[in-house]
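Student: Provided below for reference: sequence and predicted model.
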Amino acid sequence: MSISVFDLFKIGIGPSSSHTVGPMRAALDFTRMLEQRGCLQQVARIRIVLFGSLGATGVGHGTGPAVILGLEGQAPDTINPAYLDRRLAEIRQYKELQLLADHAIYFDEQQDLRYVIEPLPQHPNGMRLVALDMAGIQLLSREYFSVGGGFIVDEDEINASDQAIDRSTEGDIHIPYPFDSMETLLRHCAEQQLTIADIVMANEKCHRSETDIRQGLLDIWQVMQACVSRGCEMEGVLPGGLEVKRRAPELYHKLKSRPEAALRDPLSALDWVSLYALAVNEENAAGGRVVTAPTNGAAGIIPAVLHYYMRFYYSGNDAGIVRFMLTAAAVGMLCKRNASISGAEVGCQGEVGSACAMAAAGLAAVSGGTPEQVENAAEIAMEHNLGLTCDPIAGLVQIPCIERNAMAATKAINASRIALNGNGEHFVSLDKVIRTMRDTGADMQSKYKETSLGGLAVNVIEC
Ligand code: SF4
């Protein structure tokens, strides 16, 4: 299994991993390729075409700006979200962008950036970048595909058998416990007398030291916490034109100001879980700094359940955070490898469903669940997201996405509790449910796969 835990948990910006983070990475890759080939300074024009779901919902997802800033050398994990709007306004005003912050070219967004609803044949999220010289002669043309969770593959890689391999983890690295199914993973656990988190850690140590892995995951946890804090404070209306009001600040102040009410209401913990998810996804919708987990549309679920663990478990600590994330990553790897985590490929079941299964598994693990109970928790969570379509209104990651994260976070907690009350034996395996998710996604009409051409997106009139 070539996917790293750090491929599934990545620091990025909102609102979308496949429509913002991935395209920015692709554009950055393209300009670096121009530089490597020694033709960056000859570039006079860049033409960008966004196809399929990127074309249909790219405006609402900020895909064009992400590509433009990627061409300038910006990366999703380091760009200052506040810089994005300011720089974009300058580019639009002066019709000039700086390739890799080094070479100025004329750029007219109206002429040089096109949105095409028709997809490329290889994948629903395609984009083409073409560099031309002063005479209009093509210097370089590349097609990229944003395959979910910020992962990108280019035109050569898309045809390779294992699309799930991200360029950052390619290589001939021997890992001690390879697994491409939960069945194999559980077998490793039984044979080695290790937990799922132990197995993932052992594999991950092929890439970096255990100290670095633990610290890296805790750094990601810090970003998640900062995101929740910002989301609880930032008031107002989300960008994009739907006039969706942020709800997290009001809920946060309500919960904080009535601690005694919590004593009378045994379910008040759920209000906190919803708050955490709303806070993250409102930040994501506003283009803020978030952790892709495993996508941006579903970025609130794992932080919400992690916050729940830290706030409501006496045993909550940093070691548990690491164990939770390693376990959740194992489930995410299987979802990505054997189905998809892209709403454009399989609908929201691949985004919110995968995140829900990951969170349920993580919580079951830190609650003392056996590997079988952890698998059961993930299976329950995924099973009850099957068939979930992706139909964001106006192509914005707001409705139904924000609330859906709150619903999935509470579902993950319930799935974990159901599994922990059993002994791990159950009827349907996680592997079968993931396969069902893949097949259901393949049968789903394309209008329900991040095109905003079906479902809520057409049944709710935009104001
Ligand atoms: S509906 Fe689900 S898959 Fe679609 S953009 Fe929203 S969160 Fe992502």
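Tutor: Yep, it's here.
Student: would you double-check that Ala135 falls in a helix?
Tutor: No: the assignment for Ala135 (DSSP: H, G, I helix; E, B strand; the rest coil) gives coil, which keeps it out of a helix.
Student: where does the stretch 1-150 of the chain dip in pLDDT?
Tutor: Along the stretch 1-150 of the chain, the model assigns pLDDT under 70 to residues 1.
Student: where do the helices of it begin and end?
Tutor: In the stretch 1-150 of the chain, the helices defined using DSSP state H, counting those that start in this stretch lie at 5-8, 22-36, 53-61, 63-71, 81-94, 109-112.
Student: which one of these lies nearest to the ligand?
Tutor: helix 53-61 (7.9 Å; Cβ to the nearest ligand atom). C-beta here means a position set from N, CA and C on the backbone, and glycine is covered the same way.
Student: longest helix in the chain, by number of residues?
Tutor: helix 210-233 (DSSP state H).
Student: mind listing what's buried along it?
Tutor: By neighbour count with 16 or more other Cβ atoms under 10 Å, helix 210-233 contains the buried residues 213-214, 216-217, 220-221, 223-224, 227-228, 230-232.
Student: likewise for stretch 26-42?
Tutor: By neighbour count on 16+ other Cβ under 10 Å, the buried set for stretch 26-42 is Ala26, Ala27, Leu28, Asp29, Phe30, Thr31, Met33, Leu34, Glu35, Leu40, Gln42.
Student: just how off-centre is it within its chain?
Tutor: Its chain's C-alpha centre and that of stretch 26-42 lie 26 Å apart, by Cα atoms, centre = their mean, to the nearest Å.
Student: swap in stretch 369-380?
Tutor: Its chain's C-alpha centre and that of stretch 369-380 lie 23 Å apart, by Cα atoms, centre = their mean.
Student: show me where pLDDT drops low in the stretch 151-300 of the chain?
Tutor: In the stretch 151-300 of the chain, residues with pLDDT under 70: 161-172.
Student: can you list the residues of it near the ligand?
Tutor: Within the stretch 151-300 of the chain, the positions adjacent to the ligand are Gly297, Ala298 by Cβ under 6 Å from any ligand atom.
Student: ok and the residue in the stretch 151-300 of the chain nearest the ligand?
Tutor: Closest contact between the stretch 151-300 of the chain and the ligand, by Cβ to the nearest ligand atom, is at Gly297 (2.5 Å).
Student: check whether the longest strand belonging to the chain comes near the ligand.
Tutor: Longest strand in the chain, counting residues (DSSP state E): strand 138-148. No: applying Cβ under 6 Å from any ligand atom, one finds strand 138-148 separated from the ligand by no less than 9.4 Å.
Student: helices and strands around that strand, which ones?
Tutor: Other elements packing on strand 138-148 under the criterion 3 or more Cβ pairs under 8 Å, 6 or more residues apart in numbering; DSSP states H and E are helix 22-36, strand 125-132, strand 151-154, helix 343-346.
Student: please repeat the previous calculation with a cut-off of 6 Å.
Tutor: helix 22-36, strand 125-132, strand 151-154 (3 or more Cβ pairs under 6 Å, 6 or more residues apart in numbering; DSSP states H and E).
Student: run the angle between the first one and helix 81-94 for me.
Tutor: For helix 22-36 against helix 81-94, the angle between stretch directions is 60 degrees (axes from the mean of the first three to the mean of the last three Cα atoms, to 10 degrees).
Student: can we start the residue count at 277 from this point?
Tutor: All set: I'll call the first residue 277, so the last point we hit is now helix 298-312.
Student: quick check: Tyr619 vs His337, distance?
Tutor: Actually, residue 619 is Gly rather than Tyr. Distance, Gly619 to His337, by Cβ to Cβ, to the nearest Å: 11 Å.
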